[in-house]
Each structure stands twice: as structure tokens, then as C-alpha cells.
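J.: next one to model:
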Amino acid sequence: MLAGLARCDFEEFAKDVHTSGAGLAVSTVNDRMVMVVAMLEAAVVDKRIPANPARGVRISRAAPCAVDEDEIPTLGEVDLIAEHIAPQYRLAVYLQSGTGQRPSEALAFSTECRRSGFLRIRWQVSAKARRHDCHTVFVPLKHRTEGECRDVPVAPFVEQEIDDHLSRWEPVPVTFTGMRGRRRRLEVFFAPRQRGKSVMPTASTYGYHFKKACVSAGLVDWGRQAQTHARQSAALLRFDRVGERRTDP
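T.: Take a look at the predicted model:
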């Protein structure tokens, strides 16, 4: 049976696992293929097959698609979303649009992020943060390890939105366990203040409010598309490189 397997069989297998059903991420498929290759190597050692047909089989990441400028909301539409979203999340809209943060990064915004003339982004909210038994409420940024950060220039209007938020809500201290087991504490801007609520809102929680705001603002198409976090992030990037408000033609 093993002798009848060819390289093309494993190439097709990897593609099917990636694309069928919900599909697995490219990195996950390639990790699984490592185990398949190892098992076949053992078969080679036992002389059950002459060579390993799965060796070197990987699938590549699809080329990223450029953002269509016509699908990005205008400045007025961004302001409409901020106006109609639940007041406690207004700042999150401008953290995304003005500094390019992902929803989970914006929700993790804390007092330690604010520096002189820039923001230092180090954490994002874990997808499991709503669970009361979740100890790692905050996790490192995507593709970064704990301790690594990203510095982002901050425009005056974003600074003003931060000040306006602070005039209404004080930061809430949240203690959590880092990925290395060390206890940490952040004074965050978006922690729920009502009793009985979860420790932190997640990107999914925010996505619900984002979609609701789009529909309320009359941006029905954006409300339908706002389910994906990538769509939210790309949609709100309507500002130029120096972070000032861009005037639409």
C-alpha cells in the first residue's frame, strides 16, 4: 500500500486539507506534513518503501490581495461609524483608522501605550478573554514574541480622541499572566465596568458593535461585511502616512 503512494498524492492531500470544509491555515497544514514526512521516513528506514514521497511537500501562502481603494470608507463614513458605535468603543474606531491597529490591538490599548508623539503597541486581547477562567487575557502581537512591540506615530486628532475618552472613563487595571508565566498588570481603556461582565471584550464582541454601528449609520454594505476583523482594519485605513486626516476628493 505504501509503495503505491507518489509525491502527487501528498501534494493533493495537503491542498485538500487546506481548502476543504473550513480549511486549515497554511502554517498548520505544513506543520502536520512534518509528522507525515517523519512517519514515511521510518518506513524508508524499515525498507518498506525505497524513498519518501512526501519529503519537501509544502503549500505556499496565497499572495496578499491589495486593498481596493473603492472599498475603503470615506472620511465622512469613518466619522459616521464612530458617531453611531457604542460610546465606549468610539476611540477604538480612531485607533484603527488613525494608527492602523487591528481590533484586538485597539481593545488592548492601555496607559503604557501612550508615549510622547507616538504609541507603543505591545499587546492584543486574546480571543479567549471573555472566559472568566482565561489567565492570558492579553497576548503578544501577531508574529511577535512577548516583549516585542510596534511604535506608531500618533496624529493630534487621535490624541484628542484619547483625551476625550479619558474625560469620560478612567482606565481599569487588569492583572493577567503573560505567556512566560509572569504576572502583569495593564491599565486598559476598554475593560467592562459593569459587574457580571467578562474581563475584556474580544474582537468578536467589538465586531458586533461595529456591524451594528454601520447599519445604524446607513452603511448597510459595510455592516454586512464587518464580520471579518481584517475587513474592519482595512476598511478604516483612510488616513495618510503622517497620520493626519485625509480630505476626500
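
J.: buried residues, the lengthiest helix in the chain. List them.
T.: Longest helix in the chain, counting residues (DSSP state H): helix 26-45. Neighbour-count burial for helix 26-45, counted by 16 or more other CB atoms under 10 Å, picks out 29-30, 33, 36-37, 40, 43. (Glycine included, C-beta is placed from N, CA and C.)

J.: and what of stretch 3-12?
T.: 5, 10-11.

J.: equivalent analysis for stretch 210-218, please.
T.: For stretch 210-218, by 16+ other CB under 10 Å, it's 210-211, 213-215, 217.

J.: on that earlier part again, Serialize the buried residues of stretch 3-12 to JSON lines and add fields for secondary structure.
T.: Listed next are the buried residues of stretch 3-12 as JSON lines, based on DSSP: H, G, I helix; E, B strand; the rest coil:
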{"residue": "Leu5", "secondary structure": "coil"}
{"residue": "Phe10", "secondary structure": "helix"}
{"residue": "Glu11", "secondary structure": "helix"}
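
J.: hey, where'd the helices end up in this structure?
T.: 7-19, 26-45, 75-84, 90-99, 103-107, 156-168, 203-216, 220-225, 229-235.

J.: nearest to Met1, of these?
T.: helix 26-45 (10.5 Å; CB to CB).

J.: so which elements touch that closest one?
T.: If you count contacts as 3 or more CB pairs under 8 Å, 6 or more residues apart in numbering; DSSP states H and E, helix 26-45 packs onto helix 7-19.

J.: may I have the helix it packs on as PDB, with CA atoms only?
T.: Extracted C-alpha coordinates of helix 7-19, given in PDB (Å, rounded to 0.1, in the frame of the first residue of the first chain):
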ATOM      1  CA  ARG A   7       4.500  12.700  -4.400                       C
ATOM      2  CA  CYS A   8       1.500  14.000  -6.300                       C
ATOM      3  CA  ASP A   9      -0.800  12.100  -3.800                       C
ATOM      4  CA  PHE A  10       0.700  14.100  -0.900                       C
ATOM      5  CA  GLU A  11       0.600  17.400  -2.800                       C
ATOM      6  CA  GLU A  12      -3.100  16.800  -3.400                       C
ATOM      7  CA  PHE A  13      -3.700  15.800   0.200                       C
ATOM      8  CA  ALA A  14      -2.100  19.000   1.500                       C
ATOM      9  CA  LYS A  15      -4.200  21.100  -0.800                       C
ATOM     10  CA  ASP A  16      -7.400  19.300   0.100                       C
ATOM     11  CA  VAL A  17      -6.800  19.700   3.800                       C
ATOM     12  CA  HIS A  18      -6.200  23.400   3.300                       C
ATOM     13  CA  THR A  19      -9.200  24.100   1.100                       C
END
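
J.: fine by me, thanks again.
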